[in-house]
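>>> have a look; sequence and predicted model below, questions after that.
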Amino acid sequence: MKDRRGALSDILKDKDFSEFEKRVYRAVCRIPSGEVRTYKWVAKEALAPGACRAVGNALNKNPYPGEIPCHRVIKSDGSIGGYAKGSAMKARLLRREAIDGNGKHCYNPV
């Protein structure tokens, strides 16, 4: 099993991922455990502020969901949004980090 650094390194070397997708994964890796960010925040960090839907599409391709914490990305309205392995799994992962099903907890909503 890879750690986060190894997983991100593999993605950054992979020619099947666009530069935008690589920026998305870099941004997601900066979200601390126990915190969430919005698709809008990730899009802005990936230098494509209007590309919220594209962020979701990129995260859906995440080959390392255990290492690249795409479950920490939620919708701007506070709901959890989609997840490749199902929204119930995303809710469980968030609860494991003490974040409720609506993305609420002691986090910094940037």
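Structure received. Numbering: from 1, shown residues only.
>>> need the helices for the chain, in chain order.
Secondary structure of the chain by DSSP state H: the helices cover 4-13, 19-29, 39-45, 52-60, 87-96.
>>> tell me what the third one is packed against?
Of the remaining helices and strands, those touching helix 39-45 by 3 or more CB pairs under 8 Å, 6 or more residues apart in numbering; DSSP states H and E are helix 19-29, helix 52-60, strand 73-74. Where C-beta positions appear, they are placed from N, C-alpha and C, glycine not excepted.
>>> separation between the residue most central in space within the chain and residue 25?
Here the mean C-alpha position of the chain is nearest to the C-alpha of residue 70 (CA atoms, centre = their mean), at a distance of 2.5 Å. Noted for residue 70: a distance of 8 Å to residue 25, by CB to CB, to the nearest Å.
>>> shared neighbours of the two, which are they?
Counting by CB atoms under 8 Å, 6 or more residues apart in numbering, the shared contacts of residue 70 and residue 25 are residue 62.
>>> how far away is the nearest residue to residue 76 once chain neighbours are set aside from residue 31?
In space, and not counting its chain neighbours, residue 76 is closest to residue 38: 4.8 Å by CB to CB, 6 or more residues apart in numbering. Separation of residue 38 from residue 31 (CB to CB) stands at 10 Å.
>>> quickly list what's touching both of those two.
Taking CB under 8 Å, 6+ apart as the criterion, residue 38 and residue 31 both touch residue 73.
>>> so what's residue 61 up against?
Contact partners of residue 61, counting by CB under 8 Å, 6+ apart, are 17, 21.
>>> give me the low-pLDDT residue ranges for the chain?
1, 100-110 (pLDDT under 70).
>>> switch to 80 and redo it
Low-confidence regions of the chain, defined here as pLDDT under 80, cover residues 1-2, 98-110.
>>> and for it, the residue most distant from the center?
Distance to the chain centre peaks in the chain at residue 15, reaching 20.3 Å (criterion: CA atoms, centre = their mean).
>>> residues touching that one, list them.
Counting by CB under 8 Å, 6+ apart, residue 15 has no contacts.
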